[in-house]
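Q: Take a look and give me a structure for this.
(one chain, ligands or ions: 1)
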Amino acid sequence: MTDDTSDRRSAEVIEDESMVRDEPSARLAAYRRSIDNFDAALIHILAERFRTTKAVGEYKATHELPPADPAREEKQIARLRALASESGLDPEFSEKFLRFVIDEVIHHHERIREAGSRGQ
Ligand SMILES: C=C(O[C@@H]1C=C(C(=O)O)C=C[C@H]1O)C(=O)O
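A: The predicted structure follows:
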């Protein structure tokens, strides 16, 4: 498939083609409306993930479990790398992104544990 064909197909999915012909900048605006929706979904998904990992951090602090679980991280990273490859996303990027998120979660868990040990 040429770039032109794939470009046209993406536009068809996002926007009525006749509107794009009439106003060239409408295509960019349509792409950006779609990006806005994806970014909003990402933020909601991340907020839900952090809500769950907060509960995990509290559970770990109560049961005196360590904040990080490298075996679980390794499994999760391998699983998401495979999913990324299957869906056309760079697996290196998916690993870096997950590593970034997991490191933040571990900091939260450490803070929850410290707060618990100070009796807060
Ligand atoms: C959420 C957990 O705590 C940490 C964070 C993880 C994550 O964000 O995926 C995975 C493993 C742990 O290092 C967990 O143990 O499940």
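Q: all contacts plus neighbour counts: C-alpha atoms, from now on.
A: Noted.
Q: how much distance is there from the helix or strand hosting residue 94 to the middle of the chain?
A: Mapping residue 94 onto the secondary structure by DSSP states H and E places it in helix 91-117. Helix 91-117 sits 14 Å away from the centroid of its parent chain (Cα atoms, centre = their mean, to the nearest Å).
Q: Quick check: buried residues in that helix?
A: With burial defined by 16 or more other Cα atoms under 10 Å, the residues of helix 91-117 counted as buried are 91, 94-95, 98, 102, 105-106, 108-110, 112-113.
Q: ok, residue 112 to residue 27 distance?
A: 47 Å (Cα to Cα, to the nearest Å).
Q: And for residue 64?
A: When distance is defined by Cα to Cα, residue 64 is 54 Å away from residue 27.
Q: Contact residues of the chain facing the ligand?
A: Contacts of the chain with the ligand, taken as Cα under 6 Å from any ligand atom, map to 53, 56, 68-70, 72-73, 102, 105-106.
Q: Most neighbours among those residues, which one is it?
A: residue 105 (20 neighbours; other Cα atoms under 10 Å).
Q: Run through the residues that contact that residue.
A: 50, 53-54 (Cα atoms under 8 Å, 6 or more residues apart in numbering).
Q: which ones are touching residue 101?
A: Contacts here follow Cα under 8 Å, 6+ apart; on that basis residue 101 touches nothing.
Q: neighbours around residue 52, how many?
A: Neighbours of residue 52 under the rule other Cα under 10 Å: 11.
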